[in-house]
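Participant: model this:
(one chain, ligands or ions: 1)
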Amino acid sequence: MVSSTVKGTAVIPASPPIPKAAGYLPLLGHAVPLMRDNLGFIASLRSYGPLVEIQLQPGQSTIVVNDPALIHTLLVDVAATLDKGRFFEKMGQLLGDSVVTAAGAVHVRKRRQLQPAFRRPEVARYVDLMRDQATATMTAWQPGQTLDVRETMVKMSLDMLSATVFSGSIKEQAFYELRQNLSVVMNGVGARIMMPDWIEKLPLPANWRFTAARDAVRATIHTAVDELRTADQDTGDMLSLLLQATDEETGRPLTADQICSEILTLAVAGTETTASVLSWALYELARHPDIDARIQAELATVLGDRPVTFNDLGQLPYLRAVITETLRLHHTGWLVTRRTLQPTRLGAWELPAGTELAYCQHALHRDPAHFPDPLVFNPDRWLHEDQQPLSEGAFLPFGAGKHKCIGDRFAQAEITTALATLTQAWRLELAPGQRIRPVARATVRPSSLQMTAHPRAHAPLHASSATSD
Ligand code: HEM
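Facilitator: Next up, the predicted model:
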């Protein structure tokens, strides 16, 4: 990997050596420390310097990039010379070829197809629908009831996506069936990222369960797409957009399989993430009554008793800071990968074609070099105008560059609307006897989160149907 390159007259110095992380075993690579504690292991890599080598696949190096400036270079400056790498190949086992797994010109085409549903005017239109879904989520809650908050947030996020981007064209039943199998598949994808590829081929129950759940998930979406194609209705939503789109390479309409891949991608990318962020935010509010009280004061001042609307979203700076802090401390991404398609310069390093690269938002956002007291949940760190500007690449909740999250605006609106609506009416308390820890599979989520619901003393009428009788 170390080389001296001559370009014209400029001599590019030989690359500095890249240290290899401890814990490697032949045949297993770094699977053991990863399976034991993947978040702890990835965070420990910081001590090796800007770049460090691990092996997710024995005999194949992955270079983990720890330095924010180099992560920025990776995502933005040299993005054109990169493919998406191992994480997305494993996601592709579920998603097929979609915007999230594609690179280059194919990616640009696929992204353009989806973009119209995520523009600002569309998101503005979605907010009332999102609020209605949050309100519907609470209607069955009873005072003192213990809720599985993580499950509840996954269901609500799927309902919000279904009501907005898909304008209800994918029936509730399809999303229900999807939810049943999605966690098996997402756990399987997460395990496959960390384990050597040969383990996937063994006749193990976990592998059978993965394949069965993956096939069920795809069959569910396929059926929904086929029904809509037969019905031939233009609902103006994402599904209609995809049914009308043509494949620029073949000039033909997209196949049911291509459409299925894009829908699944949105269902996975748009619900696992937001559900985790919402769960963690509710967890932190339960642990910090002072922060909860400041949100209540802000909601009372800005909204009084009325429901939140799109125009209010920019008027809730403290709630926004709470969400930003949740995206920092509890980020859902733990291994975003890329692969060089040609020799690529990353800072002082000249990387040959075929180099696997990765970075970890979860570890990056907890780096004490950029965030003082990184493990403290402190929304105020986003409110001080005199604070030091963050280095480029140090805070990447939605990534950067051409693969930056297409749903960032949607997600911010969704999380703000949901938190404003839920917390106006209910206070959630942590149920006793739980040890809540982050679990990193395909995304990072709380291990489980049981919370008891208590109606607010002055719950607004629009949101308190469950408490009024
Ligand atoms: C808090 C919630 C969310 C977080 C933290 C998040 C985070 C991210 C990040 C970091 C990326 C970049 C991955 C990379 O560099 O390869 C990404 C990409 C993506 N996200 Fe999100 N996301 C969220 C919500 C959503 C939502 C609501 C949707 C859609 C409904 C969505 C759809 C996508 C898609 C399609 C991509 C791939 C974009 C591309 O490669 O062009 N995400 N997301």
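
Participant: going forward, measure contacts and count neighbours with C-alpha atoms only.
Facilitator: Will do.

Participant: per-residue pLDDT, the residue in the stretch 51-200 of the chain that the ligand sits nearest to?
Facilitator: Nearest to the ligand, among the residues of the stretch 51-200 of the chain, is residue 100, at 4.3 Å (Cα to the nearest ligand atom). Per-residue pLDDT puts residue 100 at 93.

Participant: contacting residues for it?
Facilitator: 88, 107, 265, 403 (Cα atoms under 8 Å, 6 or more residues apart in numbering).

Participant: Spatially nearest residue to the third one, not counting backbone neighbours?
Facilitator: Leaving aside its chain neighbours, residue 265 sits nearest to residue 95 (6.0 Å; criterion: Cα to Cα, 6 or more residues apart in numbering).

Participant: Ok, the first one next?
Facilitator: What sits nearest to residue 88 in space, not counting adjacent residues and going by Cα to Cα, 6+ apart, is residue 101, at 5.3 Å.

Participant: Give me the secondary structure label for that neighbour.
Facilitator: coil (DSSP: H, G, I helix; E, B strand; the rest coil).

Participant: Now do the contacts for the spatially most central residue of the chain.
Facilitator: In the chain, the centroid-proximal residue (Cα atoms, centre = their mean) is residue 273; its distance is 3.6 Å. Listed by Cα under 8 Å, 6+ apart, the contact set of residue 273 reads 332, 443.

Participant: how far does the one helix or strand it maps to sit from the chain's center?
Facilitator: Here residue 273 is covered by helix 272-287, with elements defined by DSSP states H and E. Helix 272-287 sits 13 Å away from the centroid of its parent chain (Cα atoms, centre = their mean, to the nearest Å).

Participant: okay, it in PDB with CA atoms only?
Facilitator: Output of helix 272-287 as PDB, limited to C-alpha atoms (Å, rounded to 0.1, in the frame of the first residue of the first chain):
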ATOM      1  CA  GLU A 272     -35.200   2.200  11.300                       C
ATOM      2  CA  THR A 273     -33.400   5.600  11.600                       C
ATOM      3  CA  THR A 274     -36.200   7.900  12.700                       C
ATOM      4  CA  ALA A 275     -37.700   5.300  15.000                       C
ATOM      5  CA  SER A 276     -34.300   5.000  16.800                       C
ATOM      6  CA  VAL A 277     -33.800   8.800  17.100                       C
ATOM      7  CA  LEU A 278     -37.300   9.200  18.400                       C
ATOM      8  CA  SER A 279     -36.800   6.400  21.000                       C
ATOM      9  CA  TRP A 280     -33.500   7.900  22.200                       C
ATOM     10  CA  ALA A 281     -35.000  11.400  22.400                       C
ATOM     11  CA  LEU A 282     -37.800  10.100  24.600                       C
ATOM     12  CA  TYR A 283     -35.300   8.100  26.700                       C
ATOM     13  CA  GLU A 284     -33.200  11.300  27.300                       C
ATOM     14  CA  LEU A 285     -36.300  13.400  28.200                       C
ATOM     15  CA  ALA A 286     -37.200  10.800  30.800                       C
ATOM     16  CA  ARG A 287     -33.700  10.900  32.200                       C
END
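
Participant: List the buried residues for it?
Facilitator: Judged by neighbour count using 16 or more other Cα atoms under 10 Å, the buried positions of helix 272-287 are 272-286.

Participant: Likewise for stretch 392-406?
Facilitator: Buried residues in stretch 392-406 (16+ other Cα under 10 Å): 393-403, 405-406.

Participant: Quick check: which helices or strands does the lengthiest helix in the chain pack against?
Facilitator: In the chain, assigned by DSSP state H, the helix with the most residues is helix 205-231. Packing partners of helix 205-231 (3 or more Cα pairs under 8 Å, 6 or more residues apart in numbering; DSSP states H and E): helix 172-194, helix 256-269.

Participant: I would like the residues contacting the next helix-or-strand element following it, please.
Facilitator: Using DSSP H and E, the helix or strand that follows helix 205-231 in sequence is helix 238-244. Contacts to helix 238-244, defined as Cα under 8 Å, 6+ apart, come from residues 113-114, 117, 165-166, 169, 225, 229, 233-234, 253-254, 259, 263.

Participant: Buried members of those into PyMOL, please.
Facilitator: Burial among these is assessed by 16+ other Cα under 10 Å; the matching PyMOL selection reads:
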select buried, resi 113+114+117+165+166+169+225+229+254+259+263
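
Participant: just to revisit the earlier point, what about the ligand: which of the contacts of residue 100 touch it?
Facilitator: residue 403 (Cα under 6 Å from any ligand atom).

Participant: And the contacts of residue 100, which of them are buried?
Facilitator: Buried among the contacts of residue 100 by 16+ other Cα under 10 Å: 88, 107, 265, 403.

Participant: Narrow the residues you listed to those in helices?
Facilitator: Among the buried ones among the contacts of residue 100, the members found in helices (DSSP H) are 88, 107, 265.

Participant: Nearest to residue 444 among the residues you listed?
Facilitator: The closest of those to residue 444 turns out to be residue 88 (Cα to Cα; 15.8 Å).

Participant: Give me the pLDDT value at the residue of the stretch 201-350 of the chain found nearest the ligand.
Facilitator: Relative to the ligand, the nearest point of the stretch 201-350 of the chain is residue 270 (3.4 Å; Cα to the nearest ligand atom). Looking at residue 270, its pLDDT stands at 89.

Participant: how about the residues of the protein near the ligand?
Facilitator: 99-100, 111, 266, 269-270, 273-274, 277, 332, 397-399, 403-408, 410-411.

Participant: what about the stretch 301-450 of the chain, any weak spots by pLDDT?
Facilitator: Residues of the stretch 301-450 of the chain meeting the criterion pLDDT under 70: 385-386.

Participant: try 50 this time
Facilitator: Along the stretch 301-450 of the chain, the model assigns pLDDT under 50 to no residue.

Participant: Tell me where it has strands.
Facilitator: Counting by DSSP state E, counting those that start in this stretch, the stretch 301-450 of the chain has strands at residues 336-340, 344-346, 349-351, 356-359, 426-430, 438-440, 444-446, 450-455.
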